[in-house]
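Asker: Could you look at this predicted model? Sequence included:
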Amino acid sequence: MNENNNETEEIDMNHLMQIRMEKLDKLREEGKDPFEITKFNRTHNSKQVKDNFDELENKDVTIAGRIIAKRIMGKASFCHIQDSDGKIQLYVSINDLGEES
């Protein structure tokens, strides 16, 4: 029985690797390099934005982190970004960004 589980796990890993390679190929076809090192200048971290929300409201801030969740709901979307100091939820509206963005 253990041997059968190992075979199933191996097939699942092969399938997962195939999916990842297809995604990588698609990115490269679109002219994107997922391994390119880019520089991103942030103005605040998530904790600073939350702690100083009243002062920063209606001002431009730039944060950087990993998107750990996203929910797309028609013309509005929410996502959670996590950085070294915490997590923050973002609200994005198609009316604010435009359809192409």
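Answerer: Great, that's in hand.
Asker: rest of the way, CA atoms for contacts and neighbours
Answerer: Fine.
Asker: Would you verify that Ala64 is located in a helix?
Answerer: No: with DSSP: H, G, I helix; E, B strand; the rest coil as the criterion, Ala64 is coil rather than part of a helix.
Asker: So what's the residue count around it?
Answerer: By other Cα atoms under 10 Å, 16 other residues sit near Ala64.
Asker: Would you confirm that it contacts Asp83?
Answerer: Yes: contact status for Ala64 versus Asp83: in contact at 6.7 Å, counting by Cα atoms under 8 Å.
Asker: where do the contact lists of those two overlap?
Answerer: Residues touching both Ala64 and Asp83 (Cα atoms under 8 Å, 6 or more residues apart in numbering): Asn45.
Asker: what secondary structure does Cys79 sit in?
Answerer: The three-state label given to Cys79 by three-state DSSP is strand.
Asker: tally of neighbours for the residue lying closest to it once chain neighbours are set aside?
Answerer: Nearest residue to Cys79, sequence neighbours excluded (Cα to Cα, 6 or more residues apart in numbering): Lys70, at 4.1 Å. For Lys70, the count of nearby residues is 14 (other Cα under 10 Å).
Asker: Any idea how far the host helix or strand of Lys70 is from the middle of the chain?
Answerer: Following DSSP states H and E, one finds Lys70 within strand 66-73. Here strand 66-73 is found 7 Å from its chain centre; the criterion is Cα atoms, centre = their mean, to the nearest Å.
Asker: which residues are contacting it?
Answerer: If you take Cα under 8 Å, 6+ apart as the criterion, strand 66-73 is touched by Ser77, Phe78, Cys79, His80, Ile81, Gln82, Asp83.
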